[in-house]
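sequence first, then the predicted structure:
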Amino acid sequence: MQFRNGFPIKRQAIAFAVTLALGASAGTAIAQSNATGSIFGTAEAGDTVHIESIGTGLKRDITVDSSGRYRAASLPIGTYKVSLVKNGSTVSSRDNVQTQISQGTEVSFAAEASTANAQNLSAVQVVGNALPSIDVSSVDSRAVINADQLAKLPIARTSISSVALLAPGTTPAARGYGNALSFGGSSASENAYYINGFSVTNPLTGVSSRQLPYDAIDQEQVLIGGYGAEYGRSTGGVINVVTKRGTNEWKGDFQVLWAPDSLAQTPRNVFRRNGTQYQIGNAFAPQDNESLQYSGSIGGALIKDKLFFFGAADMIHSTDKFYTPSAGAPPTNSVQNDSNKITRWLTKFDWNITDNNIIEFTALGDDETTDSSIYGYNYGTGQVGSYLGHQYTKNYNGTQTNGTPGGNVYVGHYTGYITDDLTINAMYGKSNAKHEQDVTSAAGGTACPSIADNRAIAATDPAPSCQFGNATVLAPGSKDSTTGWSFNVEYRLGSHDLRAGMDNYQLRATWGSSPVGGTQWRYNDLGDGSAIQQRLINLGLDPGLYNPADFANGYYVESTGLTTGTSARTAQRSEFAEDHWQITDRWLAYIGLRNEQFTNYNGVGQAYAKERNQLDPRLGIVWDVYGDSTLKVYANAGRYHLGLPTSVAVRGAGPSTFPTVYYSFTGIDPVTGIPTGLSTGAPYSGLFYANGENGVPPDAKTVSAQNLKTYYQDEYILGADKQLTPEWTVGVKAMYRKLRSLIDDDCDSRPLIAWGDANGLGQQVRDGIARSTGCWLYNPGVANTFTLSPAAGQYLSVPLTAAQIGEPKAKRSYYMLDLYAEHQFSEKWYGRIEYTFSRSYGNSEGQLDSDIVQADVSTTESWDSPELMENTNGPLANDQKHQLRILGTYKPTEEWSFSTVTRIASGYPISCIGARPQAFGGDAVGYGAAYFYCNGQPAPRGSYGRTPWTYTIDVSAAWQPAFFDHKVTLSADVFNLLGKQRVTQYFESCENASGVTSIDCFRPRSYQDPRYVRLGARYDFSL
C-alpha cells in the first residue's frame, strides 16, 4: 500500500453442469413470478405439450398455438419431463428439464420429427435435457447458483450474501456494516432481498436481510442490473432465493461441519503507524475462533402427488476471544470470552389442490445471539484481570445499520392456471424480530462511560477506562416487522407475453440507543486552539475569549453522546406492467413500466416524507443473431428508485439528543478515566447540540423539503454472448449507472437565516429553526423549499435556489466492463473465468458513508454543509478497479471432486479526513475533524493511495466412497489458502478538531479473514 506521495457424464453431472453455468437459460421471452420459472418452446400448431414434475407429479397440458409456440408459466422450481402429444399419443419427450428462478427454459420439438413420429407411434424419442449455453430471452444481468453447487463449492455458510459475491459487479461492503455487499457502485443499503417471493430486506435500514438455513436454498438468483419492472426499491442489486420443497420421494440429509481453531491461522494484530500495538487480533477476526455446525433436512409427500413437506435447520455454535483495543492503561483494556449461537430453521408445505391450483406456505426462523463474559486485560503484562461484567446480544450486530436483523418469516403463495394463457399469482407474508442488548456490571451498578483518547500522548500514556462491551446500548423493546402482499396476472396474447401486478408493504421499527454511562469523554490536544475558538463562535460568543492559559496541560476534553429512540413506519406500494414482445424469431423487445410510492411516518404516525408517481421505465432488446442461440447481442436501459429507510425516523425525524460540551481539566481518574477539575461555567463550556438535535421531536411538516424528489438512478447495459463450441462460451458486457437524485439531510441553517434577513422575516426564521432539529431532508444540488414552524400551528416556506444553499450536485457514476469465458461440464471438469473492470466515482457513495462507516442511512455526515463537501469528488469508498473471479470443479472419478472459488481484486481508495484550516475558513459548522483536509491542505477524496490487492483462494475436496453407495460425503474446505491477511480498509479520520494528527491515522480498520479449514461429514438418505 502507498500513502499519498474421460468418463461419461451421468445424470447428476448433467444437472450440475447445467446450473453451474451461472445464469444459463435460453429461448423466447417469458414473464413469471420471482419465485417460479417457465417452460416454453416451439412445436407443430395444434399439438399438445404435456409437462409433468418428476418430483411432485404436477401436470399441465398446453396446446401449441397457431404460430407454433407454447408456454407454461409460473411453474414451481424443479425438474420436469416435457412430452409432445399428437393425436393422443406421445411422440417425443425430454427428461430432466430444470426450471430456474424468473427465467424460461426452452424445450422445442422440430415439426419434421413430430410428423414422422406421428406415422410410427412406437418411435418415441426420449433425450436428456441439454439447455443451450446462451439465454436469448433475458435482457438483464444475472447469476444463478443451485443447491448442488452450494454443496460442492467452498463458500462460507454465513449468509445469502456470501453466495452473491460470486456475481460480477459485486464488492464486499465495509466490514462495519456486517456481511453486506455493494452492487454496481451502490452503497450497502440499496439492495433488495426476497425469499419465496416475499421481501426479507432489513426493514430498519435496508442493510442485509433475514437469513435461512443454508441447505434450504434450492436456487439463489443474483440480479446485478437490467432487471424488469417487477423488481424495484433497489438501486443496487436483487438477491432472490427459492427454497427446496418436498417431493414424492422421502429423502433427507444430516451434516456436521467443524472449523477447529488448531487448523486456523492466527489473526493479524493491529498496529498503529508509529509501531505501537493497537489490538490483539482485530475487530473482525478474534483469537481462538472455533465453530461447530449441525445441519439437516428432510422432505417428502404427506399425500402422494398432492401434499408435500420440507424442513431444514442449522445450529451453529462458535467460541472466540475478542481483545478490545489498547486504548488506555489498565483497567481500560479487556478480553471477551464469546459464545455465539446461530439457530435457523425452515418448514415448507406445498399443496397441489389440483393441477391448476397450487398453495405454498413457508415459515422460517433466524436468531443470532452472543454471550460475552468480559475480563480485564493488561497489554503490558499479557495477563487477564478480574471479571468486569457480561454482555448479551440477540439479532444485533452493534451498529445502527444492524446487518443482523434475524427474526421469523411466514409466507403464503397461491398460483392459479386459469387457462393455457392466463395465470395469476398472489402472495401474503409477514416477518418480525426482537433485538436485545444487555450489559451487566460485575458490581451490579451503572456501567462506566466510554473513553476516547485522541491525544498524541495516548501512544505511550493513554487515559484509562473501566468501560467494557459496546460503547452504546440498544434501547429496550427494540423490534421490527414487515407485512406485505402482492398480486400478479400473466397473459399471453399472440407474440406478446404480458404481465401486470401490484404490491403493498408496511415496515415498522422501534429502535434507539444511548451511550454507555450516559456520555462519552473524548480527550484531545489543544493545538493552536482553533477548536475552542470555533466552539465559542458556535455558541454565539466572541472567539477572542479564548485564552491558552486556561488549558495549562495543553489538552481539552469533550463530553458527548448521541441518544435516539422512536417507533416508525414506512409504507411502500408499487404497480407494474411489462410486455415481452417476440417481434420476429430473432428479435425480442422488452417494455416495462413501474410506479412506486413511498411514505415515511414518525413515532406519532405523522408522514414526514412522501413520494408519489415515481415512474421507472425499463426497455430492452435482444438479437439472436443466427437464430440458433449461439450468438446473442442485447441492450437495456432503465430507471430505478429507492425510498427512504425506516431508520431515518430514529434520528432525522425523531427526538434525538446530541449534546456536546468542551472543558479544560486538571486530572484524570486513574480507574474510570473520567476527567477531574472540569472548567464548569467557562464561556467555551456552554452546552451545544450537534446537528441541532436537542431532544425535541420535530414537527413532521418541517422534517423534509417540500416536493422532495426521491432517490433514483439511470442504468444502461450493452452486451454479447457467443458459443464457440458445445463446451465453450464467451461474453462481454458494459454497464453504466448514473445517480440522478439523492436524499440526505442538510444541517446548515445559515442560508435560511440569510433568506429570512433579506426578506424581513429574520426573527420568524430563527424561531422556526429553534423549534426544529436543525436538519432537513432535502435533494442536494438543486433548489429546495424548506418549511419552518415559528410557532405551534404556524408555517413558513423558505424557497432557496441551489446557489443559495451552496451544496454541489450529487454525483455518483459507475461504469463496468465484464468479460468471461466458460467451459461447460465436460471431460470431467467445469470452469469459468471472469474479469471485471469498474469505476465508482463521484462525491457521494449514496445512502451510506463508508469512509467513516457511518450508520445513519440517508442522514449521513455528508451534505450537512457546503464546507463538508469540499474536495469530496473522487473515487468512492467501494471502488475496486479490477476483479478476477475463477470458479472451477474437477471430478476425476465418481468418488472424488475438487472445487475452487478464487477472487483476486485491486484495493480500495484511501482518503484523509481532518480539520478545516482557518486559512480555508475553519470549522464553520462545529463538526471538528470531518473535512477532506489534512496537514493544513485540501485532501481530495481517494488521493492517499489504495489498499493492497487481495488474493482470496478458497478450495474444496470431497470424497464419496462407493462402499457407502456414494451417500456419505467427507469434505475439507480451505478458505484463504495463501493466508494473506491484507488490509481492506484504513481508519481515515486523521486529525482532531485542532488539526493535530491523530495517533490512529491510517490505522488498519479491517483485514482479510485469516486462513481456516472446515471439515465436513454428510449423509444423504432416502426413506
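That came through, no problem.

how far does stretch 663-674 sit from the chain's center?
On the basis of CA atoms, centre = their mean, to the nearest Å, stretch 663-674 sits 41 Å off its chain's mean C-alpha point.

what does it rub up against?
Here stretch 663-674 makes contact (CB atoms under 8 Å, 6 or more residues apart in numbering) with 328, 331-332, 448-449, 451, 463-467, 521, 523, 550-553, 555-559, 675-680, 682, 685. The way it works is simple: take the backbone N, C-alpha and C, and place the C-beta from them, glycine included.

strands - which of those residues land there?
451, 521, 523, 555-559, 675-676 (DSSP state E).

among those, the buried ones, what's the ChimeraX command?
In ChimeraX, this line selects whichever of the ones in strands among the contacts of stretch 663-674 come out buried by 16 or more other CB atoms under 10 Å:
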select :451,521,523,555,556,557,558,559,675
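
the ones in strands among the contacts of stretch 663-674: which two are farthest apart?
The distance between the two most remote of the ones in strands among the contacts of stretch 663-674 (CB to CB) is 15.5 Å, for 558 and 676.

correct me, but residue 339 touches residue 321?
No: counting by CB atoms under 8 Å, residue 339 stays clear of residue 321, with 11.0 Å between them.

who has more neighbours, these two?
Counting neighbours by other CB atoms under 10 Å for residue 339 and for residue 321 shows that residue 321 has the greater number, 18 against 15.

name the element the more buried one belongs to?
strand 307-323 (DSSP states H and E).

quick one: distance of that strand to the chain centre.
21 Å.

for it, buried residues please.
By neighbour count on 16+ other CB under 10 Å, the buried set for strand 307-323 is 307-314, 316, 318-323.

check what pLDDT residue 658 gets.
We have a pLDDT of 90 for residue 658.

and the gap between it and residue 263?
47 Å (CB to CB, to the nearest Å).

more neighbours, these two?
Ranked by neighbour count (other CB under 10 Å), residue 658 and residue 263 place residue 658 first, with 20 against 15.

follow-up on the earlier one: quickly run through the sheet partners of the strand holding residue 321, with directions.
When sheet partners are counted by DSSP bridges, strand 307-323 sits next to strand 287-303 (antiparallel), strand 334-354 (antiparallel).

want to throw those into CSV with distance to residue 652 and mean pLDDT?
Output for the strands paired with strand 307-323, formatted as CSV (distance: least, CB to CB, whole Å; pLDDT from 0 to 100):
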stretch, distance to residue 652, mean pLDDT
strand 287-303, 38, 96
strand 334-354, 32, 96
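
export the ones you listed to JSON lines and tack on distance to residue 803?
Listed next are those as JSON lines, based on distance: least, CB to CB, whole Å:
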{"stretch": "strand 287-303", "distance to residue 803": "54"}
{"stretch": "strand 334-354", "distance to residue 803": "52"}
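
low pLDDT regions in this protein?
Within the chain, the segments meeting pLDDT under 70 span 1-33, 111-133, 327-332, 444-446.

again, only using 50
For the chain, the stretches flagged by pLDDT under 50 are 1-32, 112, 114, 118-130.

ranges for the helices of it?
Remark: helices assigned in the chain by DSSP state H are 11-20, 111-119, 147-152, 160-164, 530-538, 648-651, 750-758, 762-770, 802-805.

tell me which of these lies nearest to residue 1022.
Closest among those, once you apply CB to CB, is helix 11-20, at 14.5 Å.

may I see the buried residues of stretch 805-813?
Of the residues in stretch 805-813, 805-812 count as buried by neighbour count, 16+ other CB under 10 Å.

mind listing which of these are in strands?
Residues of the buried residues of stretch 805-813 located in strands (DSSP E): residue 812.

out of the buried residues of stretch 805-813, which one sits closest to residue 729?
Nearest to residue 729 among the buried residues of stretch 805-813, with distances taken as CB to CB, is residue 812, at 32.6 Å.

quick one, what contacts the closest one?
So residue 812 contacts 185, 713, 737-739, 742, 840-846, 876 (CB under 8 Å, 6+ apart).

please redo it, this time with the cut-off set to 10 Å
185-187, 235, 713, 737-740, 742, 840-846, 876 (CB atoms under 10 Å, 6 or more residues apart in numbering).

one more: residue 589?
The contact partners of residue 589, taken as CB under 10 Å, 6+ apart, are 29, 139, 495-496, 579-583, 619-622.

what's the separation between the residue nearest to residue 756 when sequence neighbours are not counted and residue 746?
Take residue 756 and drop its neighbours on the chain: the residue closest to it by CB to CB, 6 or more residues apart in numbering is residue 765, 3.0 Å away. Distance of residue 765 to residue 746, given as CB to CB: 15 Å.
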